[in-house]
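Enquirer: generate a structure from the sequence data that follows.
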Amino acid sequence: VPREQMKIKNRLISKLRKKVSACDHDIDIFNQRNKKLQGQNNSLRCKLRRMKTKLKGLKPSDDDVLALEDLVSILCKYGGLSRFTITDDMFHQRFPQAAHTLFGFKSWEEMK
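Expert: So this is what the prediction gives:
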């Protein structure tokens with residue numbers, strides 16, 4: 001009986017060693033992935049810092065300010081920004097830059 005028990009124990013030990021080895025392998029893979037992700041994270045943080053620095057230096061151009069002032073003036077005359085205003089052909093004829101200023105389209109025709 002002790003010999004049988006010893007064989008069973010040895011088999012269990014062998015299985016456990018295989019499982020530990022597989023876990024060690026998985027840990028190595030996870031550590032490699034972690035290092036890669038940390039590098040990507042650091043790169044993205046640097047990129048974000050650079051973008052924030054650039055963004056701080058950006059200021060609206062005089063043309064943009066004038067366009068917005070004109071838009072505010074016209075919107076006041078039209079009763080504000082509404083679904084009617086932004087879909088009104090007359091509004092866009094009187095203020096051709098509205099599609100660009102409001103939505104980034106080149107023209108009202110392109111926006112339609």
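Enquirer: please make it C-alpha for all contacts and neighbour counts, starting now.
Expert: Fine.
Enquirer: residue 111 - how many residues pack around it?
Expert: Residue neighbour count, defined by other C-alpha atoms under 10 Å, stands at 12 for residue 111.
Enquirer: how about the strands in this structure?
Expert: Shown for the chain, no strands are assigned by DSSP state E.
Enquirer: in it, which spans are helices?
Expert: Ranges of helices in the chain, per DSSP state H, are 2-57, 62-78, 83-86, 89-94, 98-103, 108-111.
Enquirer: dump the fourth one to PDB, keeping only the CA atoms.
Expert: Once side chains and other backbone atoms are set aside, the C-alpha atoms of helix 89-94 remain, and they are given as PDB (Å, rounded to 0.1, in the frame of the first residue of the first chain):
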ATOM      1  CA  ASP A  89     -32.500  78.600 -46.700                       C
ATOM      2  CA  MET A  90     -33.000  82.300 -46.200                       C
ATOM      3  CA  PHE A  91     -30.900  82.200 -43.000                       C
ATOM      4  CA  HIS A  92     -28.100  80.500 -44.900                       C
ATOM      5  CA  GLN A  93     -28.400  82.900 -47.800                       C
ATOM      6  CA  ARG A  94     -28.000  85.900 -45.400                       C
END
